[in-house]
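1. would you be able to build a 3D model of this:
(one chain, ligands or ions: 2)
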Amino acid sequence: MSLLDLIFPKTCLSCGKEGKYICENCLGKARILKPACPYCEKPSIDGFTHTKCGKKYGLDGLTSFWKYEGVLKKAIWALKFKYATQVGGELASILVRELVTGSHPVNGTLVPIPIYWQRENVRGFNQSEEIGKLIAKEMGWKFIPDLLIKNKSTKSQVELTVEGRKQNLRGVFCIDPYHKSAILNLKSVILFDDVFTTGSTLKEAAKVLKRAGVEKVWGMTIAR
Ligand SMILES: [Zn+2]
Ligand SMILES: [Zn+2]
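-> Ligands and ions are numbered 1, 2, ... in the order given. The predicted model follows:
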């Protein structure tokens, strides 16, 4: 326990119980999602994209752990504004616990969805990168935080239609030129983001990776 914990004791973001930001009781109430296809969002074995939904440059599957609600929603929100490092650490360890105890076909090099460096995060903190780094370390996966670059700012996706979201993201990601040759040896990439809403962000990033020669791209998010 650090001095900071004594001055500002950690309390659960949902029920206020002291000890952790995500208490076991509230986490237990969060609904674990059944594996679903990232395109039609209907059930699929282990989250694989259905053959009929598959796209040439698309996601091969998706692992989203919890429904975006309750304490997890609060934790993901908190990441963007405050306590980022500590909440991120707690999220990473519960994700690792799920990965180790569940049967998830996730393996490869973890690549976080990038943020635009200048504007898109109040704290200049990429939560997907920070959490992704911890998960990759625990799971023994390779981690390339800057494989993808987000090269322009985008409007908030929240108020856009599905088609609007696609338009908004078109051409927004590219491969860091520094990694142009390394990417040829990447067989399998796990694209990591905090929340899957329509999946436009993961799908656009998958397209860029596959066009650059990556064979398999799997999406992984904390919540959906
Ligand atoms: Zn709680
Ligand atoms: Zn499908």
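2. assign a three-state SS to the residue nearest to the spatial centre of the chain, would you?
-> By CA atoms, centre = their mean, the chain has its centre lying nearest to Asp193, at 1.8 Å. Per DSSP: H, G, I helix; E, B strand; the rest coil, the local secondary structure of Asp193 is strand.
3. contact partners for the closest residue in space to it that isn't next to it in sequence?
-> Closest residue to Asp193 apart from its sequence neighbours, by CB to CB, 6 or more residues apart in numbering: Ile113 at 4.3 Å. C-beta here means a position set from N, CA and C on the backbone, and glycine is covered the same way. Ile113 makes contact with Ser128, Leu148, Leu191, Phe192, Asp193, Thr201, Leu202, Ala205 under the criterion CB atoms under 8 Å, 6 or more residues apart in numbering.
4. with pLDDT and distance to ligand 2 added, can I get those in JSON lines?
-> JSON lines is the format used below for the contacts of Ile113 (pLDDT from 0 to 100; distance: CB to the ion, whole Å):
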{"residue": "Ser128", "pLDDT": "90", "distance to ligand 2": "24"}
{"residue": "Leu148", "pLDDT": "94", "distance to ligand 2": "25"}
{"residue": "Leu191", "pLDDT": "97", "distance to ligand 2": "18"}
{"residue": "Phe192", "pLDDT": "97", "distance to ligand 2": "21"}
{"residue": "Asp193", "pLDDT": "95", "distance to ligand 2": "19"}
{"residue": "Thr201", "pLDDT": "93", "distance to ligand 2": "18"}
{"residue": "Leu202", "pLDDT": "96", "distance to ligand 2": "15"}
{"residue": "Ala205", "pLDDT": "96", "distance to ligand 2": "19"}
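5. output the residues you listed as a markdown table; include the columns distance to ligand 1.
-> Conversion of these to a markdown table gives the following (distance: CB to the ion, whole Å):
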| residue | distance to ligand 1 |
| --- | --- |
| Ser128 | 24 |
| Leu148 | 35 |
| Leu191 | 30 |
| Phe192 | 25 |
| Asp193 | 25 |
| Thr201 | 29 |
| Leu202 | 29 |
| Ala205 | 33 |
